[in-house]
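Novice: With the input below, show me the fold.
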Amino acid sequence: MKSGRIGIDLGGTKIETVLLDATGAVRFRQRVATPKGDYAGTVAAIAALVGRIDVEFGGSSPVGIGTPGAWVPERRQMKNCNSTWLNGRPLLDDLNAALDDRVRIANDANCFALAEAEGVDAEVVFGVILGTGVGGGIVVGGQLLGGANAIAGEWGHTPLPYFGVDAAADGREASLEDRPCYCGRTNCVETFLSGPGLARTHEAFTGERLDGPVPTDSPALDLYTTMLARSLAQIVNVLDPDVIVLGGGVSNLDVLYRDVPRKLPKYAFAHEGRTRIVRARLGDAAGVFGAARLGG
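Specialist: Have a look, this model is predicted:
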């Protein structure tokens, strides 16, 4: 398909692909398991998905890939991936070698933000992923903001503000110990606001280890929404977005949209309540659709 665009969302547990035609309609969509810990297997799986589209639809459409990290052009390698087997690897070069130099890549949170920004009437959009990890992407005037170091929006690896104060104020006998992050730092936003981070706080409050999502009546949720409000207040102070779009598994909790807008003004400077906090309209499909937009 000469005018098609292929999107790939490379996640820690699944790789999803989509083919969009010239009108933006979906012509093909498939998910496969990510070969966890296997770099060569990951490259091969992506190449196989694209190869299937090439065979079934003809041509060689451009390919956009959302990755769980950042590409460093100077070093020709990936960095800051929570799928750690990708770090230090020449992912873009290897994929272009396999797919005839038609690949563009961006951070998965950037792809999410790019797709979601199309559905809101706003000049400045901050897209937030609250899932296995925590990420962010910035879209200004419909264009991604990458930054000099390709890390614009990566608020997941900023220090969580005052978590000890919030835990004490919550009045519960929860021991929130320091949490090391895979990035080498301690108490990053991701270690508390990701899905696993929320589950760990739930366990600290209740002694219950979870195998699935945190229940909607978890006593950890009040503290979680306070932490999220504090962290997003920093984004509001620096970026002052029109809209903050929440995505990822944790974003499905209704309490976020009730409590965070109420709590955030307490922590932001001169906040007039104009920044909207909304649920992602595309759900977990935003990343793959945003990736397809990288290709054309």
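
Novice: Can you tell me the closest non-neighbouring residue to residue 122?
Specialist: residue 242 (3.7 Å; Cβ to Cβ, 6 or more residues apart in numbering). The C-beta positions use only the backbone N, C-alpha and C, and glycine is treated the same way.

Novice: Next up, the contacts around the one you found.
Specialist: Contact partners of residue 242, counting by Cβ atoms under 8 Å, 6 or more residues apart in numbering, are 120, 122, 123, 124, 125, 274, 275, 276.

Novice: number of nearby residues for residue 272?
Specialist: Applying other Cβ atoms under 10 Å, we find 7 residues neighbouring residue 272.

Novice: repeat for residue 62
Specialist: Neighbours of residue 62 under the rule other Cβ under 10 Å: 16.

Novice: separation between it and residue 259?
Specialist: As judged by Cβ to Cβ, to the nearest Å, residue 62 and residue 259 stand 42 Å apart.

Novice: Give the buried residues for stretch 95-115.
Specialist: 95-96, 98-99, 103-115 (16 or more other Cβ atoms under 10 Å).

Novice: Out of those residues, which sit inside strands?
Specialist: 103, 104, 105, 106, 107 (DSSP state E).

Novice: Just put the residues you listed in a markdown table and tack on pLDDT and distance to residue 182.
Specialist: Formatted as a markdown table, these follow (pLDDT from 0 to 100; distance: Cβ to Cβ, whole Å):
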| residue | pLDDT | distance to residue 182 |
| --- | --- | --- |
| 103 | 96 | 26 |
| 104 | 94 | 26 |
| 105 | 93 | 20 |
| 106 | 92 | 21 |
| 107 | 90 | 16 |
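
Novice: Of these, which is the nearest to residue 246?
Specialist: Distance to residue 246 across these (Cβ to Cβ) is lowest for residue 107, with 16.9 Å.

Novice: Specify the beta-bridge partners of that closest one.
Specialist: Residue 107 has these beta-bridge partners by DSSP bridges: residue 67.

Novice: residue ranges with poor pLDDT in this structure?
Specialist: When residues are selected by pLDDT under 70, those of the chain lie in 1-2, 162-175, 271, 295-296.

Novice: Which residue ranges of it form strands?
Specialist: 5-10, 14-20, 26-33, 63-67, 70-72, 77-79, 103-107, 124-130, 134-140, 143-144, 243-247, 276-279.

Novice: To residue 189, which of the ones you listed lies closest?
Specialist: strand 134-140 (5.5 Å).

Novice: rewinding a little: how far away is the residue nearest to residue 122 from residue 121?
Specialist: To residue 121, residue 242 is 8 Å away according to Cβ to Cβ.

Novice: now residue 17
Specialist: Taking Cβ to Cβ, one finds residue 17 at 30 Å from residue 121.

Novice: Which of the two has more residues huddled nearby?
Specialist: residue 17 (26 against 6).

Novice: Can you pull the phi and psi angles for residue 83?
Specialist: With angles defined as degrees, to the nearest 10, residue 83 sits at phi -90, psi 80.

Novice: quick one: contacts for it?
Specialist: 10, 11, 12, 34, 36, 68, 69.
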